[in-house]
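Student: What follows is a predicted protein model with its sequence.
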Amino acid sequence: MGASRTPGSDISIVGGLCAVVLAALGLALAFAASAMALSGKPIKIAEPIHFGQQSVAVDASGTAYIAWSNETGSAGNFVEYCVLPLNATACADKGSLTPADSSSAHEAHIERVQVLVEGTTVIVLAGLYGLEEEFQPMQEWQSTNGGASFSPVDGGKSVANAVVNADTSAIGAVQVPGGLLGYGAITAVGNPTFDAFPLSSPPLCDTANCKEFATLQSPSSPTPLGNLHGVIASQQGKDPGVLAVYETLGKPGPPEGECTPAGDNPFGTAYAYGNGVQSAGNSYNVSPGQPGSAWTELTKGDCEVEYAAVGGGPSGFGVVEENLKTHDTVYHPFDESKHTFDTSQVTIAGEGEEQDSVSQDGAGGIYATFVGDSADTIQLAYSANAGASWSGPVTLNPATSVSQLTSAMGAGGQGWASWRVGESVYAQQFDTADAMPPAASVSGAATSSDGHVTLVVSCPSSEPCTVTIKLEAVETIVLKASVARKKTRKRTITLATGAFTIPGKSTKRLKLHLTGAGRRLLAREHGHLTATVHISTKTAAGIGLTTKAIAIR
């Protein structure tokens, strides 16, 4: 089976792939190469008796801190943790954190564990109930030695409170802009809440002694949000803030009314946005609509979506979710200038998802992990341009029957995913290259003759590769030539383009028609030229990218 050329490919790069190629021009060559070998392998880190959702945080060096609750019954309930440095094959440090209580008659029930990294401080927070008043609803531990040991903050007494009543549950914790911590909560048939508290030496803040938290929906609303699924994220930098996104059933807040007409899918989202650095005049503990609040009122988000995950960073906030109309996995960037989701959704995968997470590295690269509908395996996708387009998704791990998948990316570009299969907890590191599908390779030399350039291109995939090629060169133009002075400028021209299909695991000689500008430049240079080739490779695994300098002879 030979190579076949797409009709019209001599003129321009085919349709939507052009945008992908152009977006890739700024990527480093290391990221454009094939991701045939993953950077990490799955590691079994624990086998708890009964555990809740893991939380993952990654520091700038690529070290992961993973924690979860282990409710052992008669042996007591506690928080377990594992520290995984970059390239680790087992936990470098691990242990358990026992919630404090002054009475042995009480038993801690742990509803949510969260790990955060603030500089060199690792923070573990646990939502608790069933203890004496001053030890609930939120206990905290900190480590200043890279997770080798943790110490309780304030002797284990509660550091924060956003509880409306006994039906309130924590949805997650974040680093509040301005050096504070904070956590969001939801309440059955009630309004969502948020409490910000100091990172160092927080005052006792339990349900009896501290009620200074923000209510993110008007108490007079006839359609209180209720305790459905919620996610929360924060970002620092040029536009600091906190974004909380909640799943709804039909009535996500103002404007009141159903999200979709009767009979259609009622799933949707609502969101609350807090903007700016914490201060007395811009407080995350003051409810929206009140003087000095950092928050906007709970607002209707997307209709007919499900499984929302939210992340923030240098590229701004955004949500990964499943569009129930198209059954695609999409990314919806948040418009921070208008405090709305008036932007367009961008497709990540042509199938639905669940168990998703989204996070960013220090340069604003966005990473999404999820379990795909069709393959039921762990998928990884990556965007280098604030979510405008995506590479992948690729299979990060072929494990099936996965539950409780979650992930986080560190500022240095190293991420970790954690999940459960049966009674075992696993973790696996990943980086940008892991999100790149297999990309075609090209030899370093090409030949030109009779108005064509011939390249030797190899398909690395076992499935056919559809390659779209753009060949460019820099031309020097003489603007003013004289004995005394010569003035020139440089411009990049397109020598040739083409689109081809190459059988899997094969190498083909591909002939591209030269453009008029390309023919003139090669003639002027007597057929010898250094050029740059950009190749977009579409396979069943997604779109891979290659950029390489070649010599034309």
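Tutor: Cool, got the structure. None of the values given here were measured: they were computed from a predicted structure.
Student: rest of the way, CA atoms for contacts and neighbours
Tutor: Fine.
Student: ranges for the helices of the stretch 201-350 of the chain?
Tutor: All residues of the stretch 201-350 of the chain lie outside helices when identified by DSSP state H, counting those that start in this stretch.
Student: which residues in it form strands?
Tutor: Secondary structure of the stretch 201-350 of the chain (DSSP state E, counting those that start in this stretch): strands at 214-215, 230-235, 241-249, 267-275, 299-303, 305-311, 318-323, 328-333, 346-349.
Student: Could you say which one of these comes nearest to residue 464?
Tutor: strand 346-349 (19.4 Å; CA to CA).
Student: give me the beta-bridge partners of residue 347?
Tutor: Residue 347 forms beta bridges with residue 330, as assigned by DSSP bridges.
Student: Let me know the pLDDT of it.
Tutor: Looking at residue 347, its pLDDT is 94.
Student: which ones are touching it?
Tutor: 328-331, 389-390 (CA atoms under 8 Å, 6 or more residues apart in numbering).
Student: Setting aside sequence neighbours, what's the nearest residue to the residue nearest the centre of the chain?
Tutor: Note on the chain: the residue nearest the mean C-alpha position is residue 358, at 2.5 Å, using CA atoms, centre = their mean. Leaving aside its chain neighbours, residue 358 sits nearest to residue 368 (4.5 Å; criterion: CA to CA, 6 or more residues apart in numbering).
Student: Around that neighbour, count how many other residues there are.
Tutor: Counted with other CA atoms under 10 Å, residues neighbouring residue 368 total 29.
Student: try residue 524
Tutor: 11.
Student: Hmm, residue 428 and residue 417 touching each other?
Tutor: Yes. Judged on CA atoms under 8 Å, residue 417 makes contact with residue 428 at a distance of 5.4 Å.
Student: More neighbours: which of the two?
Tutor: Comparing residue 417 with residue 428 by other CA under 10 Å, the one with more neighbours is residue 417, at 27 against 24.
Student: List phi and psi for the more buried one.
Tutor: phi -110, psi 150 (degrees, to the nearest 10).
Student: how close does it sit to residue 69?
Tutor: 17 Å (CA to CA, to the nearest Å).
Student: ok, now residue 433?
Tutor: 32 Å.
Student: more neighbours, those two?
Tutor: Per other CA under 10 Å, whichever of residue 433 and residue 69 has more neighbours is residue 69, with 27 against 18.
Student: circling back: could the strands of the stretch 201-350 of the chain go into TSV alongside distance to residue 173?
Tutor: What follows is the strands of the stretch 201-350 of the chain, written out as TSV (distance: least, CA to CA, whole Å):
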stretch	distance to residue 173
strand 214-215	14
strand 230-235	7
strand 241-249	10
strand 267-275	14
strand 299-303	21
strand 305-311	12
strand 318-323	17
strand 328-333	21
strand 346-349	27
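Student: looking at those, which is closest to residue 442?
Tutor: strand 346-349 (27.3 Å).
Student: and the next element down the chain from the closest one?
Tutor: The helix or strand immediately downstream of strand 346-349 is strand 353-360, counting by DSSP states H and E.
Student: packing partners for that following strand?
Tutor: strand 305-311, strand 318-323, strand 366-372, strand 403-409 (3 or more CA pairs under 8 Å, 6 or more residues apart in numbering; DSSP states H and E).
Student: Mind putting these into JSON lines with distance to residue 520?
Tutor: Listed next are the helices and strands packed on strand 353-360 as JSON lines, based on distance: least, CA to CA, whole Å:
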{"stretch": "strand 305-311", "distance to residue 520": "50"}
{"stretch": "strand 318-323", "distance to residue 520": "47"}
{"stretch": "strand 366-372", "distance to residue 520": "42"}
{"stretch": "strand 403-409", "distance to residue 520": "48"}
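Student: returning to what we had before: which two among the contacts of residue 347 are spaced furthest apart?
Tutor: Top of the distance list for those (CA to CA): 328 and 389, 14.3 Å.
Student: Pick out whichever of these two has more residues nearby.
Tutor: More crowded of residue 328 and residue 389, by other CA under 10 Å: residue 328, with 20 against 17.
Student: can you pull the contacts of that one?
Tutor: 322, 347-353.
Student: go again using 7 Å as the cut-off
Tutor: 322, 347, 349-352 (CA atoms under 7 Å, 6 or more residues apart in numbering).
Student: ok, those vs residue 100, which is closest?
Tutor: residue 322 (40.0 Å).
Student: Let me see the contact set for that closest one.
Tutor: 305-307, 328-330, 352-353.
Student: ditto for residue 534
Tutor: Applying CA under 7 Å, 6+ apart, the residues contacting residue 534 are 21, 469-471, 546-548.
Student: Out of those residues, list just those in strands.
Tutor: 469-471, 546-548 (DSSP state E).
Student: Where neighbours are concerned, which of those residues has the most?
Tutor: Busiest of the ones in strands among the contacts of residue 534 [other CA under 10 Å] is residue 469, holding 28 neighbours.
Student: Test of understanding: give the bridge partners of the spatially closest residue to that one that is not a sequence neighbour.
Tutor: Spatially, and ignoring its direct neighbours in sequence, residue 469 is nearest to residue 535 (4.6 Å; CA to CA, 6+ apart). Under DSSP bridges, the beta-bridge partners of residue 535 are residue 469, residue 546.
Student: okay, now residue 535: neighbour count?
Tutor: 28.
Student: For it, give me its contacts.
Tutor: Counting by CA under 7 Å, 6+ apart, residue 535 has contacts 467-470, 545-547.
Student: pLDDT below threshold where in this structure?
Tutor: By pLDDT under 70, the weakly predicted segments of the chain are 1-37, 73-75, 104-105, 249-266, 375, 479-486, 541.
Student: quick one, domains of it?
Tutor: Domain assignment of the chain by automatic domain parsing yields the ranges 4-33+439-552, 53-159.
Student: Adding distance to residue 216, write the ones you listed out as CSV.
Tutor: Supplementary listing: these in CSV, determined by distance: least, CA to CA, whole Å:
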stretch, distance to residue 216
domain 4-33+439-552, 38
domain 53-159, 19
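Student: Highest mean neighbour count out of those?
Tutor: domain 53-159 (a mean of 20; mean count of other CA atoms under 10 Å).
Student: where exactly do the helices run in the stretch 401-550 of the chain?
Tutor: 516-524.
Student: again, but for the stretch 1-150 of the chain
Tutor: 17-24, 29-32.
Student: who's in contact with residue 476?
Tutor: Contacts of residue 476 by CA under 7 Å, 6+ apart are 488-491.
Student: brain fart, residue 154
Tutor: residue 201.
Student: List the backbone torsions phi and psi for it.
Tutor: phi 50, psi 40.
Student: Just the buried residues of stretch 238-247, please?
Tutor: 239-247 (16 or more other CA atoms under 10 Å).
Student: Quickly name whichever of these is closest to residue 514.
Tutor: Using CA to CA, the buried residues of stretch 238-247 come closest to residue 514 at residue 239, 46.5 Å.
Student: Next, count neighbours for the closest residue to that closest one other than its chain neighbours.
Tutor: Of all residues not flanking residue 239 in the chain, residue 276 sits nearest, at 6.9 Å (CA to CA, 6+ apart). Neighbour count of residue 276, defined by other CA under 10 Å: 21.
Student: Would you mind measuring from residue 309 to residue 233?
Tutor: 9 Å.
Student: repeat for residue 301
Tutor: Taken as CA to CA, the span from residue 301 to residue 233 is 16 Å.
Student: So which of these two has more stuff around it?
Tutor: residue 233 (25 against 22).
Student: beta partners for that one?
Tutor: residue 243.
Student: That one contacts residue 312, correct?
Tutor: Yes. Applying CA atoms under 7 Å, one finds residue 233 in contact with residue 312, separated by 6.2 Å.
Student: sorry, back to before: same list (the contacts of residue 328) but as TSV, adding distance to residue 175.
Tutor: What follows is those, written out as TSV (distance: CA to CA, whole Å):
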residue	distance to residue 175
322	27
347	29
349	30
350	33
351	33
352	30
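Student: after whatever helix or strand residue 169 lives in comes which helix or strand?
Tutor: Using DSSP H and E, residue 169 maps to strand 168-176. Counting by DSSP H and E, the next helix or strand C-terminal to strand 168-176 is strand 180-187.
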